[in-house]
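using only what follows, build the 3D model:
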Amino acid sequence: MVEIILVRHGETAHNAAETFRGRADIPLNNHGLQQAKLLGEYLKNEKIDAVYSGPLQRAIDTAKAIAGGHGLDINITESLNDIDCGEWEGLSLKAVKEKYEETYQDWLDTPEQVRLPGGESLNEVRGRAWPFIQDLVLRMGEGKIVLVSHRAVHKVLISAFLCLDNTAFWNFKLDTAGLTRFMVDGKRAVMISHNDTSYLRSLDCRPLNDF
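Sure, this is the predicted structure:
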């Protein structure tokens, strides 16, 4: 039996400003650093066997807050990198709605059919992330693995674990620093919890929109 903990990285200035991030290497802001610290404290008494992270700094710094309390190295993999936003990277949500009105509406209505202009589609994200997870679970056999990545990646992975396709992308929310847990036994994955941010209550901050 393998337990998978999917962790979305902490908040960045781009999250707070509703700016498309993609592969832009945006660091955690002060709030995100606080989230990461509380996250590390939240998980420090659990037996964690491995920590994996995408290659961007916001994911790595979030992963460090977890791995440091367990004396673990961070395994960095391109498979967990954020979706490539292409031409949308660095643009505000408002700007994208105005400049790419039709494509953005398609992104809301049929996300599984959209390739972000100059970037990736959700199917391409799934094509690199899901085989990596399947292989990791098979190699691990048993234990607890933390995977630190990004909203789009984790939404795609959650859908895959639940045997859903990418049409489910907008059917659930994932906040910055939110945790989703699965128990994986053979070919079956059972969701234990989703978007757990209970450990952040001391920050007393309003969650951001699903962006």
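
count of neighbours near Val156?
Burial of Val156 is recorded as 29 neighbouring residues (other CB atoms under 10 Å). Where you see a C-beta, it was placed from the backbone N, CA and C, and this is true even at glycine.

same question, Met1
10.

now the strands for this structure?
Secondary structure of the chain (DSSP state E): strands at 2-8, 50-53, 74-76, 143-149, 179-185, 188-196.

give me the sheet partners of the fourth one and which way each runs.
Translated: strand 143-149. When pairing is defined by DSSP bridges, strand 143-149 lines up against strand 2-8 (parallel), strand 50-53 (parallel).

Asp196 versus the closest residue to Ala152 other than its chain neighbours, what's the distance?
Among residues not flanking Ala152 along the chain, Ile83 sits closest, at 4.0 Å (CB to CB, 6 or more residues apart in numbering). Plainly put, Ile83 is 23 Å away from Asp196 if you go by CB to CB, to the nearest Å.

over to Met1?
20 Å.

contacts for the longest helix seen in the chain, please.
Criterion DSSP state H: the longest helix present in the chain is helix 122-140. Helix 122-140 is contacted by residues 2, 4, 49-50, 52, 77-80, 83, 111-112, 114-115, 145, 147, 149, 152-153, 156-157, 159-160, 166, 169, 184 when judged by CB atoms under 8 Å, 6 or more residues apart in numbering.

ok now that helix, how far from the chain's centre?
Mean-position distance between helix 122-140 and its chain equals 14 Å (CA atoms, centre = their mean, to the nearest Å).

of all the residues in that helix, which ones are buried?
Leu122, Val125, Arg126, Arg128, Ala129, Trp130, Phe132, Ile133, Leu136, Val137, Met140 (16 or more other CB atoms under 10 Å).
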